[in-house]
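Visitor: Curious how this folds, go ahead:
(chains A, B and C)
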Amino acid sequence: MDITLPILILAIPFAMFLILGIGGVKMPRKLAGSIGILANGALLACCYTVAFTYFFSGDPLFIIDGVRQQYQVFDVTWLAFTDRLVVNIGFLLDPICAMMLVVISTISFMVHLYSWGYMEHEPGFQRYYAFLALFTFSMLGLVVATNIFQMYIFWELVGVSSFLLIGFFYKLPSAVSASKKAFIVTRFADLFMLIGILVLSYYVAQTPADGPLGGASAFNFLMLNSHPTNVLASTLGATFMGGSVLTWAMILIFVGGMGKSAMLPLHIWLPDAMEGPTPVSALIHAATMVVAGVYLVARFFPMYCIVPDSLTFITVVGAITAFYAAVVACAQIDIKRVLAFSTISQIAFMMVSLGCAYDQPIEGVHYSGLGYMAGMFHLFTHAMFKALLFLGAGALIHAVHSNDYTKMGGLRKYMPITHWTFLIGCLAIAGIPPFSGFFSKDEMLTAMYNRDIIWGVWMTIVAGLTAFYMFRIYYLIFWWEENPEYKHDGHKPHDAPWQMSLPLIILAAVSCVAGFIPFGEFVTFNGEPYHIHLEGWVAGTSITVAVLAIALATVMYAKKNPLPSKMRQAMPGLWMAAHKRFYWDEIYMFVTHKIIFGGICRAIAWFDRHIIDGTMDALAAVTNFCSVKIKSFQSGNVQAYVAWYLLGALLLGAITWICLL
Amino acid sequence: MFSNILIWFVIVPVIMMAGLALCGNDNMKAIRGVMVTGSTALLAMAIYLVVAFLEMRSAGNTDEMLFTGSWIWYAPLNIHLAVGVDGISVLMLLLSAVIVFAGTFASWKISPLPKNFFLWFALLSTGVFGFFISIDMFTMFMFYEVALIPMYLLIGVWGTGRKEYSAMKLTLMLMGGSAFLMLGLLGIYWHSAPEGGTLTWNILEISHNAAVDPSWQRLLFCFTFVGFGVLGAMFPFHTWSPDGHACAPTAVSMLHAGVLMKLGGYGCFRIAIFLLPQAANELAWIFIILTGISVVYGAFSACVQTDLKYINAYSSVSHCGMVLFAILMLNTTAMTGAILQMLSHGLMTALFFALIGMIYGRTHTRDIRQMGGLMQIMPYLGVCYMIAGFASLGLPGLSGFVAEMTIFFGAFQDADLFHRIFVIAATTSIVITAVYILRVVGKLVLGPVVDEHHRQLTDASWWERFSTVTLIVCLAGIGFFPNWINETIQQSFEPIVNVLNQAI
Amino acid sequence: MDLEMLWYLVPSVIMFCAGVFGFITRKNTIALLLSLELMLNAADLNFVVFNRYLFPGSMEGMVFTLFAIAIAAAETAIAIAIIINIYRAVGNSDITSAQKMKF
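Guide: Numbering: from 1, shown residues only, chains lettered A, B, ... in the order given. Next up, the predicted model:
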């Protein structure tokens, strides 16, 4: 395959970052914006071409006997630690990568276009586009990674571009602290990922170069994934606290994914990350970066399958997070926070789905790899409708200048485009056919029921909660009671300009039809196509639950009524706990500020100043003290000197005499 | 003798000093002319040397040291002026040249007594360059002392705050270290000819003879490692560093943290480990504990400091601790990482101190509680500060990441539990580093403007931009294309690791 | 030991001790100078005596004595100059008034 396009995919956004980042200050806004958008359009074309070539060309590099292949377009050495520990930078093309290329470039383009309108009056417009380009570059580098270390490199880079974009309004202390929080929490998770990579690569590098794992780099995905059992064998049965070393390594690597994908208990950064500009939330914190954890698990799927304990771990973490986030989302006031928790919940859905998949046939299960396909499918559809919802929220905030639904209400008359597209988004996420979310969620639920009925029931409840809280804010924004301020002409909200509406319409259209994509034909765990078919009873249950939840939301929120506040008063503890996100932030605040910062750091700094430095100063003080004590010998009195001299001479004489005797 | 390029690394600073001596006391143009010419010449020589070195290596020259030369200096004690470089010293020379170059521009407006400042500055660089080119222990030690002494005056005269105290503390602690070092070196010298030949100070000869008696090695290893470790800010001998850095003028902080502290790490492997391999294998664990503590301890201490220079000084303790930590892992990968970390830390800390100097020159405070929102006032400096911060916390694309990863992957090659625990403890520093760097960046660069008087301040001038851009380009250069440096270093470590493996 | 030599050495020791005693106890700088001269002369005497009795063949002792006498003369001149200066500065010539040179 020609390597021009793959190189361009990485080069265009990086060049944009440099051009806009260094020269942007001197550029007029319009020029910077149009350069950014045009370059991103070119990038979109490149990504689509590569993805379509991969899926549809039928080239034997990509597909052999109907089985899709993984193909390394290029792979160059970047840094060689040892012979076996070689870090390459490359471009791996396979189904999930091609799918991600489409997702990232589409959402990125939509966001570039949308920001043209949304950020028009903000200072630092050029810088904003530079950071967007940096993010796009990092995210693309992450998904095309040929090895775990390249992934880690770009993993850190998306982290920093997320930091820069969350803190875009850097004059606001809240934005600064949110960006710091995001960076540090994900860094903390990355620490575990790094240790996991260290463990994994250590054992792989220990195997002989001519062994079954081959002489290639110990980081390479193709090598690791094509010989997972050999990787396991390379640990020679080493265990740690009852689990095999590989299990621990894979769990540690997954912890990195938990950080980026905001799984419990490392989710605390994502709601705060909503301090960033809303298009950024759509791009990074809904559609692309936060699914990096899911992508990581999918990337390492064969490795996770040989240590099934780690898959169970993923499932449990996902299931708890999904439920937790869904409950919290029911009690948030800020619409972006609702969407943020909804994102956490949906990503956790994908995690559970992946955790329920298995690469070997399981007895009594129709297709054990369904969870993988469904998870990826949901990643795709979710990216589209969640970006839509965020961009819609951005249009609302643009019009109302507030994030709180209490400042909204009855907006459907004023903002029809936003209203309809937002409704489509809500229907999609709630899982109402024929919108895209229904299809992917149905497949996921089928996979979960197949694996274990507990997961199926549990996640169906979560799906119901999802429908409820989405329609709760939908009604509170667009129905409920009209905000009296809208009557004044100056405050009359209106639909956003075309640059913002166009992406909404496009994404809404995609969300309507994406469900009909025969996704199983393209993306499965082993490249063999799978024909999606709906499991009637699962679909029936999930639709029923969703409709019931929407009905409940309609009763409670469609018109202003006292029911919600009554409910709130009936369970004040639960409401407060959910509203405060079950006090996770407070716990973290206590641990980091009081214990680590106030306890450990201050203690160490005190110890350093007073004990270590004190010892050194004490040495100096002792020397000083002694010299003060003996300095009176030099009195200036010549006669005293002579007397001492004489005494000394006599003493020496005496000593000499005694010795000679 | 003068046909050897290495000698010129010492001669050029001496010529600079002579030139400065001829300048008028306040003739800034002439002084700057001499300094810029001299430091540019040094930089050009260093770049030429790297290129020439790589060419010789690729032409198949596999000698341990290239460009060697040896001239008798004091025959009764067999002291030579012996020079020679391997890949590591070449890179160290390049680093020193870059920092001297950037430091010259960073102290463009030094006052008072600019001429004397640059005289001492040039003397300091003589010592630094002399140290890296020497392969004779005695001349090495001599240049080491030459580099230390000017520090006292540079801090004591041109410093700020409690400068006399800090200068005294720094000098005394480092001198204490060199006392140990001298003992160690003398010990090695006395044991350098086991079969009764002539005693020698030459490092290569000593290592070829596998000379030093194993029973003596332990003691001498402790002496030399502690001696160099003091300069490398090893816990618990690091306390000169925060005070010294805090009081030193900008260019001196740059040169000190950027290059002088590297003398410690360089000496540790070039003398302590290379010449005393058995003791290194036996006793490394003691120093792994100490340096492991350094890494985490420095990082935690940095979290609560409020003075910008203290933050960076403690961060230096952490990063330099990482250098020594990696050297003690005694395998090629980790040691390569140590050198990368030296380069990276040198450039990054120099950049940090340069920026702090520039900010201090404007705001007249280094207390982060009294500043804020500098991005709105001096965006160029703010951006540079963030870049330096990202380099420090190990962002891919800048040099810190490469160095740290090489260290971690190298250090993880030792499979026993003791090493594992310490490596994992050391890796936690990447999180703590992120915490303190972002704390500073958040308070200083971002956020609202704290002091309204600061709004009148100006952004960087051209010489300041020049100085910072030089360093940033180097940081990004290593970060993007690390492999050639990596290979150069790895090659140079082969003899050392071979010696170590034979000694087990 | 040769009795004749002792005849010379005993006065020399007495002279020396007197000089030391005087140097330590007297306050007047002129007296100090005199005590110093006593000590010097005692040493000179020893030189001569040892040379004469122990190494009669050589002349070094004599030469050094002459040398020392010349030096002592020069030294006395300098000492008196210093004493005069002290006198001018402080108004007397007591050694206790010249104790400025200390720690």
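Visitor: in the lowest-mean-pLDDT helix or strand in chain B, what counts as buried?
Guide: Among the helices and strands of chain B, helix B:203-209 carries the lowest confidence by mean pLDDT, DSSP states H and E, at a mean of 83. By 16 or more other CB atoms under 10 Å in any protein chain shown, the buried positions in helix B:203-209 come out as B:Ile203, B:Leu204, B:Glu205, B:Ile206, B:Ser207, B:Asn209. The way it works is simple: take the backbone N, C-alpha and C, and place the C-beta from them, glycine included.
Visitor: just the residues you listed now: which is nearest A:Phe254?
Guide: B:Ser207 (46.9 Å; CB to CB).
Visitor: circling back to that earlier point, just the residues contacting the least confident helix or strand of chain B, thanks.
Guide: B:64-65, B:84, B:135-137, B:140, B:188, B:192-194, B:200, B:212, B:270-271, B:274-275, B:495, B:499 (CB atoms under 8 Å, 6 or more residues apart in numbering or on different chains).
Visitor: And the closest residue to chain C within chain B, which helix or strand is it part of?
Guide: Using CB to the nearest CB, the closest approach of chain B to chain C is made by B:Met168 at 19.3 Å. B:Met168 belongs to helix B:163-190 when assigned by DSSP states H and E.
Visitor: Strands of chain A, start to end?
Guide: A:63-64, A:67-68, A:71-80, A:86-93, A:239-240, A:243-244 (DSSP state E).
Visitor: so where's chain A uncertain?
Guide: A:209, A:211-216, A:487-491 (pLDDT under 70).
Visitor: Skipping adjacent residues, who's closest to the closest residue to chain B within the stretch 451-600 of chain A in space?
Guide: Nearest to chain B in the stretch 451-600 of chain A, going by CB to the nearest CB, is A:Ile600, at a distance of 6.0 Å. Excluding the flanking residues, the one nearest A:Ile600 by CB to CB, 6 or more residues apart in numbering or on different chains is B:Phe300, at 6.0 Å.
Visitor: Counting neighbours, what do you get for the one you found?
Guide: 26 (other CB atoms under 10 Å in any protein chain shown).
Visitor: Contact partners for it?
Guide: A:Ile600, A:Cys601, A:Ile604, A:Ala605, B:Ile432.
Visitor: between these, which is closest to chain C?
Guide: Here the nearest of those to chain C, counting by CB to the nearest CB, is A:Ala605; it sits at 38.6 Å.
Visitor: where are the low-confidence patches of chain B?
Guide: Using pLDDT under 70, chain B drops low at B:211.
Visitor: can you map out the strands along it?
Guide: Ranges of strands in chain B, per DSSP E, are B:66-74, B:79-85.
Visitor: on contacts alone, who are the packing partners of the last one?
Guide: By that I understand strand B:79-85. Applying 3 or more CB pairs under 8 Å, 6 or more residues apart in numbering or on different chains; DSSP states H and E, we find strand B:79-85 packed against helix B:5-22, strand B:66-74, helix B:114-133, helix B:137-158.
Visitor: who in chain C is up against chain A?
Guide: C:20, C:23-25, C:32, C:95-96, C:98-103 (CB under 8 Å from any CB of the partner chain).
Visitor: Secondary structure for those - can I get that in a markdown table?
Guide: Shown next, in a markdown table, are these (DSSP: H, G, I helix; E, B strand; the rest coil):
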| residue | secondary structure |
| --- | --- |
| C:Val20 | helix |
| C:Phe23 | helix |
| C:Ile24 | helix |
| C:Thr25 | helix |
| C:Leu32 | helix |
| C:Ile95 | helix |
| C:Thr96 | helix |
| C:Ala98 | coil |
| C:Gln99 | coil |
| C:Lys100 | coil |
| C:Met101 | coil |
| C:Lys102 | coil |
| C:Phe103 | coil |
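Visitor: So which of those residues wins on neighbours?
Guide: Ranking those using other CB under 10 Å puts C:Leu32 first, with 24 neighbours.
Visitor: Might you enumerate the residues of the stretch 201-350 of chain B proximal to chain A?
Guide: Taking CB under 8 Å from any CB as the criterion, the stretch 201-350 of chain B approaches chain A at residues B:235-236, B:238-240, B:243, B:297, B:300-301, B:303-305, B:332-333.
Visitor: Weed out the non-buried ones from the residues you listed.
Guide: B:235, B:238-240, B:243, B:297, B:300-301, B:303-305, B:332-333.
Visitor: Looking at those, which two lie furthest apart in space?
Guide: B:Val304 and B:Thr332 (37.1 Å).
Visitor: Go ahead and confirm A:Glu448 touches A:Gly371.
Guide: For residue A:448 the amino acid is Met, not Glu. Yes - A:Met448 is in contact with A:Gly371 according to CB atoms under 8 Å; the separation is 7.2 Å.
Visitor: Overlap in contacts, these two.
Guide: What both A:Met448 and A:Gly371 touch, as defined by CB under 8 Å, 6+ apart, is the set A:Ser353, A:Cys356.
Visitor: mind checking how far the nearest residue to A:Leu370 once chain neighbours are set aside is from A:Leu354?
Guide: Once flanking residues are discounted, A:Leu370 sits nearest to A:Ala447: 4.2 Å by CB to CB, 6+ apart. To A:Leu354, A:Ala447 is 9 Å away according to CB to CB, to the nearest Å.
Visitor: Which neighbours do these two have in common?
Guide: With CB under 8 Å, 6+ apart, A:Ala447 and A:Leu354 have common neighbours A:Gly371.
Visitor: Now the residue in the stretch 101-250 of chain B that chain A sits nearest to: phi and psi?
Guide: Taking CB to the nearest CB, chain A has its nearest neighbour within the stretch 101-250 of chain B at B:Thr239, 4.3 Å off. Dihedral pair for B:Thr239: phi -70, psi -10, per degrees, to the nearest 10.
Visitor: Just name the most buried of the strands of chain A.
Guide: Of all those, strand A:86-93 has the most neighbours on average by mean count of other CB atoms under 10 Å in any protein chain shown, namely a mean of 22.
Visitor: Can you spell out which helices and strands pack onto that strand?
Guide: helix A:4-23, strand A:71-80, helix A:148-166.
Visitor: mind redoing it with 10 Å?
Guide: helix A:4-23, helix A:29-56, strand A:71-80, helix A:125-143, helix A:148-166, helix A:221-226, helix B:399-411 (3 or more CB pairs under 10 Å, 6 or more residues apart in numbering or on different chains; DSSP states H and E).
Visitor: Name the residues of the first one that are buried.
Guide: In other words, helix A:4-23. Quick answer for helix A:4-23 (16+ other CB under 10 Å): A:5-6, A:8-10, A:12-14, A:16-17, A:19-21.
Visitor: What of the second one?
Guide: Using 16+ other CB under 10 Å as the test for burial, helix A:29-56 gives A:29, A:32-33, A:35-37, A:39-40, A:43-44, A:46-47, A:50-51, A:53-55.
Visitor: residues in contact with B:Ala246?
Guide: Applying CB atoms under 10 Å, 6 or more residues apart in numbering or on different chains, we find B:Ala246 in contact with B:155, B:159-163, B:166, B:253, B:305, B:307-313, B:356, B:366.
Visitor: measure stretch B:422-431 end to end?
Guide: 15 Å (CA to CA, to the nearest Å).
Visitor: Does chain A have contacts with that stretch?
Guide: Yes - on the criterion CB under 10 Å from any CB of the partner chain, stretch B:422-431 is in touch with chain A at B:Val423, B:Ile424, B:Thr427, B:Thr428, B:Ser429, B:Ile430, B:Val431.
Visitor: wait, isn't A:Val317 in contact with A:Met351?
Guide: Yes - when contacts are counted by CB atoms under 10 Å, A:Val317 is listed as touching A:Met351 (6.7 Å).
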